[in-house]
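Chemist: Quick one: sequence plus predicted model below, questions after.
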Amino acid sequence: MLVLILWRVALTIGRDQAREVPPPTIARAAPRAIVLSTLTAPPASPRDTKGAALPEPNARTRPRPAMHRRKLPIGIQTFAKIRADDHYYVDKTGFIRQLVEEGSQYFLSRPRRFGKSLLLDTLGELFAGNEALFRGLAIHPHWDWTTRYPLIRLSFGGGVVRDRAELDRRVQDLLHRNQRALALPCRDDTDVVGCFAELIEQAHAATGERVVVLVDEYDKPILDNLTRPDLACEVRDGLRNLYSVIKDHDAHIRFAFLTGVSKFSKVSIFSGLNNLKDITIDARYSALCGYTEADVDTVFAPELAGLDRDEIRRWYNGYNWTGEAVYNPFDLLLLFDAREFRTWWFETGTPTFLVDLLTERGFFTPTLARLRADEALLSAFDVDHLATEALLWQTGYLTFTGSRRMGARLEYTLGYPNLEVESALNDSLVKALIGEPGRASELTSRLYDVLLAGDFEALRAHIASLFAAIPHQWHDGHPLARYEGYYASVFYSHFAALGLDLRPEDATSLGRIDLTLKFNDRIWLFEFKVVEQAPAGRALQQIKDRGYADKYRAAGRPIHLIGIEFSRESRTLVGFEVETL
């Protein structure tokens, strides 16, 4: 009888243990280094028509347990809040460990809303020794939790600095906060450079540990004033003096990390801070901010149901800093929340300054899809010298798509990261190029219907309406020498605003097609020419003479050859010829 009772007790305990479900683990994003040649996202695993992962060959198909859905950390930049309130978190501490072990002072540039502030807050909690927040993360078993380092944090993310005096007041306020946190006063609060230096020295002396300095949005006061170069230079000089303290106090600093959107040239704001290691385009840290393909498929697996995985990739993946491609975190979190594909990131900050600059400089917009630049050009970013390529790249509207070494020269290829940026940026550009935003939006909506119908007479009338919508005074602002490029830019951006499959400057064995469109199971080849008055038929003839269509004959689809001619005198469409193969 006793044996029977013991057997039943053991059986009950076994059943209770079987009911216990271990807590969900957090996927770890380990550092990766990828040699750059042509940058692409990692190959996706095989999927069925609904986007679900297919089982490996010979693997048994088992019922999957229900996945735990966590809270979406939309707009949350506080590491402790994310960890304490059951939000999704992509573990970046593997990268952090590598940074701490291999250096002590770093600079990182990333576009807005890419997780820079969360990264800095994570660093702050780590050096503060808040061990409980890191349990289960990659760095936890490798960190000395008995040591706590004094922290100095400076963030310029809030508000707008309108002049040098306001910058000094902002810095004073930030230093006051750090004085209170460290319980260490400055002798002269009005001397911001002296106070910053004094805080570093005192914190080291008071705790016996060297100081950790974290600076977020280091460049925002400058960017706030780019339209006023003289003021921007004053603000830049003030920040340069402040940041030079970090270099001068290297002996007192355990770790320093500065982040921002822009990467100002070293001869300007960083002339006094050349000891910072710039990891902006270090392949090992390409995924330091942002979500990788693996992160989406593991950490966010509970959110993928009902969403087309390929569309998620097409819309939001593709940002690359010479290593592993990543998604913009802001886009994905809003997608998972609203369950709708939209230009979430772009809508939060329309790049008016960038669009105005591109139109003022007569930038040839078809080159946005494939732009070449070397290291020096991408670093040529300063208040009085804003290189177009550097501005497009640093703000996140273009990203690295490839590179090649030519002797001592390293050249990069830049392109759109994804569909969101391509369509939204060109939508803004075509509105600026035409000068009538409302009319441009109306025409873009109509274009899709015209293409879908395959009505070439309607397409001719549509293109004529597109250029007729440009006010006469708008033409006068563009020199004659730019006309062909200007018309091509308007036409290209008009199409690209729809997010269609376009190939500007499409290379063939005998030349480049001005624009190739793949749509509705057809291939459209466009060639542009500027004539004096009467159409000469040269555009269509060039397509035929150079055999541009040969590249696509094997596809077995209808190929439309379309020659378009504009009059230099009347500034209108005067020639439109179509031939279908």
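Modeler: On my side now, so go ahead. Numbering: from 1, shown residues only.
Chemist: pretty sure residue 401 is in a strand, no?
Modeler: Yes - counting by DSSP: H, G, I helix; E, B strand; the rest coil, residue 401 is located in a strand.
Chemist: Would you confirm that residue 368 contacts residue 393?
Modeler: No - using Cβ atoms under 8 Å, residue 368 is not in contact with residue 393, being 11.1 Å away. For the C-beta atoms, the positions are set from N, CA and C on the backbone; glycine is no exception.
Chemist: For residue 539, give me its contacts.
Modeler: Contact analysis of residue 539 by Cβ atoms under 8 Å, 6 or more residues apart in numbering lists 527-529, 563-565, 575, 577.
Chemist: Quick check: the two most widely separated of those residues?
Modeler: Spatial extent of the contacts of residue 539 (Cβ to Cβ) is set by the pair 528 and 577 at 12.3 Å.
Chemist: all strands for the stretch 101-250 of the chain, in order.
Modeler: In the stretch 101-250 of the chain, the strands defined using DSSP state E, counting those that start in this stretch lie at 105-109, 151-155, 211-216.
Chemist: what is the mean pLDDT for the first one?
Modeler: When you say that, I think you mean strand 105-109. Strand 105-109 shows a mean pLDDT of 95.
Chemist: Remind me what it packs against, helices and strands.
Modeler: Contact here means 3 or more Cβ pairs under 8 Å, 6 or more residues apart in numbering; DSSP states H and E; on that basis strand 105-109 packs against strand 253-260, strand 277-278.
Chemist: Repeat that for the last one.
Modeler: Identification of packing neighbours for strand 211-216 by 3+ Cβ pairs under 8 Å, 6+ apart yields helix 116-127, strand 151-155, helix 192-207, strand 253-260.
Chemist: Indicate which one of these is closest to residue 488.
Modeler: Of those, nearest to residue 488 by Cβ to Cβ is strand 253-260, at 34.8 Å.
Chemist: how far off helix 192-207 does the closest one point, in degrees?
Modeler: Calculated by axes from the mean of the first three to the mean of the last three Cα atoms, to 10 degrees, strand 253-260 forms an angle of 140 degrees with helix 192-207.
Chemist: Strand 253-260 pairs with which strands, parallel or anti?
Modeler: In the sheet, strand 253-260 lines up against strand 105-109 (parallel), strand 211-216 (parallel) (DSSP bridges).
Chemist: Which positions in stretch 491-511 come out as buried?
Modeler: 491-500, 502-506, 508 (16 or more other Cβ atoms under 10 Å).
Chemist: And those, which two are furthest apart?
Modeler: Of all pairs drawn from those, the greatest distance, 25.8 Å, lies between 497 and 508 (Cβ to Cβ).
Chemist: for the record, mean pLDDT for the helix or strand residue 517 falls within?
Modeler: Using DSSP states H and E, residue 517 maps to strand 511-519. Mean pLDDT, strand 511-519: 94.
Chemist: Same question for stretch 277-293.
Modeler: Computed over stretch 277-293, the average pLDDT equals 96.
Chemist: how far is that stretch from where the chain is centred?
Modeler: 12 Å (Cα atoms, centre = their mean, to the nearest Å).
Chemist: what's the span of that stretch, first residue to last?
Modeler: 27 Å (Cα to Cα, to the nearest Å).
Chemist: I'd like the numbering to begin with 20 instead of 1 from here.
Modeler: New numbering, starting at 20: the last item is stretch 296-312.
Chemist: what about the residue positioned nearest the centre of the chain, distance to residue 444?
Modeler: Per Cα atoms, centre = their mean, the C-alpha nearest to the average position across the chain is that of residue 415, at 3.9 Å. Distance of residue 415 to residue 444, computed by Cβ to Cβ, to the nearest Å: 10 Å.
Chemist: isn't residue 538 right next to residue 522, touching?
Modeler: No - using Cβ under 8 Å, residue 538 is not in contact with residue 522, being 11.7 Å away.
Chemist: Got the phi and psi for the residue nearest to the centre of the chain?
Modeler: When read as degrees, to the nearest 10, the backbone of residue 415 gives phi 90, psi 10.
Chemist: For it, give me its contacts.
Modeler: Applying Cβ under 8 Å, 6+ apart, the residues contacting residue 415 are 129-131, 133, 338, 347, 436, 440.
Chemist: Tell me where the model's unsure across this protein.
Modeler: 20-85, 284-287, 289-293, 399, 490-503 (pLDDT under 70).
Chemist: how does it divide into domains?
Modeler: 98-304, 453-599 (automatic domain parsing).
Chemist: Same list (the helices and strands packed on strand 230-235) but as CSV, adding mean neighbour count and distance to residue 308.
Modeler: Listed next are these as CSV, based on neighbours: other Cβ atoms under 10 Å; distance: least, Cβ to Cβ, whole Å:
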stretch, mean neighbour count, distance to residue 308
helix 135-146, 22, 6
strand 170-174, 20, 16
helix 211-226, 19, 26
strand 272-279, 23, 9
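Chemist: if we compare those, which one ends up closest to residue 200?
Modeler: strand 170-174 (7.4 Å).
Chemist: Give the other helices and strands that that closest one contacts.
Modeler: When contacts are defined as 3+ Cβ pairs under 8 Å, 6+ apart, strand 170-174 sits against helix 135-146, helix 183-201, helix 211-226, strand 230-235.
Chemist: Would you mind pulling the contact partners of it?
Modeler: 136, 139, 143, 146-147, 190, 193, 197, 200-201, 215, 218-219, 222, 230-237.
Chemist: again, but for stretch 470-488
Modeler: With contacts defined as Cβ under 8 Å, 6+ apart, stretch 470-488 is touched by 453, 455, 458-459, 462, 465-466, 469, 506, 509-510, 513, 519, 536, 538-539, 541, 579, 581, 583, 585, 590-592, 595, 597.
Chemist: which ones among these are found in helices?
Modeler: When DSSP state H defines the helices, the subset of the contacts of stretch 470-488 inside them is 453, 458-459, 462, 465-466, 469, 506, 509-510, 513.
Chemist: Separate out the buried members of these.
Modeler: Among the ones in helices among the contacts of stretch 470-488, those buried by neighbour count (16+ other Cβ under 10 Å) are 453, 458-459, 462, 466, 469, 506, 509-510, 513.
Chemist: could those go into JSON lines alongside distance to residue 367?
Modeler: Output for these, formatted as JSON lines (distance: Cβ to Cβ, whole Å):
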{"residue": "453", "distance to residue 367": "24"}
{"residue": "458", "distance to residue 367": "26"}
{"residue": "459", "distance to residue 367": "22"}
{"residue": "462", "distance to residue 367": "26"}
{"residue": "466", "distance to residue 367": "26"}
{"residue": "469", "distance to residue 367": "32"}
{"residue": "506", "distance to residue 367": "32"}
{"residue": "509", "distance to residue 367": "27"}
{"residue": "510", "distance to residue 367": "29"}
{"residue": "513", "distance to residue 367": "24"}
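Chemist: tell me the two of these that are most distant?
Modeler: That would be 469 and 506, which, of these, are the farthest apart (Cβ to Cβ) at 18.4 Å.
Chemist: Report the buried residues of stretch 324-338.
Modeler: Going by neighbour count (16+ other Cβ under 10 Å), the buried part of stretch 324-338 is 326, 328, 331-332, 334-338.
Chemist: Just the CA atoms of stretch 193-205, as PDB, please.
Modeler: The C-alpha trace of stretch 193-205 is given here as PDB (Å, rounded to 0.1, in the frame of the first residue of the first chain):
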ATOM      1  CA  LEU A 193      22.900  69.500 -18.700                       C
ATOM      2  CA  LEU A 194      25.900  69.900 -16.500                       C
ATOM      3  CA  HIS A 195      23.700  70.900 -13.600                       C
ATOM      4  CA  ARG A 196      21.800  67.700 -13.900                       C
ATOM      5  CA  ASN A 197      25.100  65.700 -13.900                       C
ATOM      6  CA  GLN A 198      26.300  67.700 -10.800                       C
ATOM      7  CA  ARG A 199      23.200  66.700  -8.900                       C
ATOM      8  CA  ALA A 200      23.400  63.000 -10.000                       C
ATOM      9  CA  LEU A 201      27.100  62.900  -8.900                       C
ATOM     10  CA  ALA A 202      26.600  65.100  -5.900                       C
ATOM     11  CA  LEU A 203      29.600  67.200  -7.100                       C
ATOM     12  CA  PRO A 204      29.400  71.000  -7.600                       C
ATOM     13  CA  CYS A 205      31.400  73.100 -10.100                       C
END
